[in-house]
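K.L.:
Generate a structure from the sequence data that follows.
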Amino acid sequence: MTENNELYIRFPSLPVNIAFARSTVAAFAVQIDSFTEAEYNEIRKAVSEAVSNCVQHAYPNAPGFVEISVYIEKSILKIVVEDQGVGIEDIDLAKESEYTTIPGENLGLGFDFMAACMNEIKIDSQMGKGTKITMIKIPEKQDA
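P.N.:
A predicted model of the protein is given here:
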């Protein structure tokens with residue numbers, strides 16, 4: 001296992017890049033060999049949800065960019081997903097189950113899925129400046 005490592009990627013906020021981001025972050029995370037397959041799946045799901053939010057909500061008029069930074073420190077995985085889009089007006093409201101700005105297209109469960117998959121999630125957003133989602137994943141079973 002690698003003690004410390006980091007990865008930075010930047011890509012257009014296009015739907016086709018959701019799978020790319022999910023796969024890339026999960027492939028990087030395999031350096032933490034104490035994660036189970038179920039935990040790798042949770043990482044994939046959380047990254048998909050975070051990037052999907054950027055693709056669907058951050059840039060309503062034209063694609064922008066999504067940046068992902070991934071850090072491994074000992075057995076802790078930290079994932080930061082950022083955009084420079086429109087921002088979230090009310091983070092507390094956005095975190096409520098079933099709240100969506102696109103009724104009929106979204107279930108409004110993205111933040112719920114992220115929180116269920118990760119040990120910790122933090123959302124920072126400023127109107128007109130973008131959103132930053134920080135997620136932490138710690139393996140259930142630490143190496144002895």
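
K.L.:
Lowest average confidence across helices and strands of the chain, where is it?
P.N.:
helix 91-94 (a mean of 63; mean pLDDT, DSSP states H and E).

K.L.:
Thr134: what secondary structure?
P.N.:
Following DSSP: H, G, I helix; E, B strand; the rest coil, the label given to Thr134 is strand.

K.L.:
same check, this time on Val51
P.N.:
helix.

K.L.:
correct me, but it touches Arg22?
P.N.:
Yes. Under the criterion of CB atoms under 8 Å, Val51 is in contact with Arg22, at a separation of 7.2 Å. Backbone N, C-alpha and C define where each C-beta goes, glycine included.

K.L.:
Between the two, which is the more surrounded one?
P.N.:
Val51 (25 against 20; other CB atoms under 10 Å).

K.L.:
Enumerate every residue touching that one.
P.N.:
Taking CB atoms under 8 Å, 6 or more residues apart in numbering, we find Val51 in contact with Asn17, Ile18, Ala21, Arg22, Val66, Ile68, Val81.
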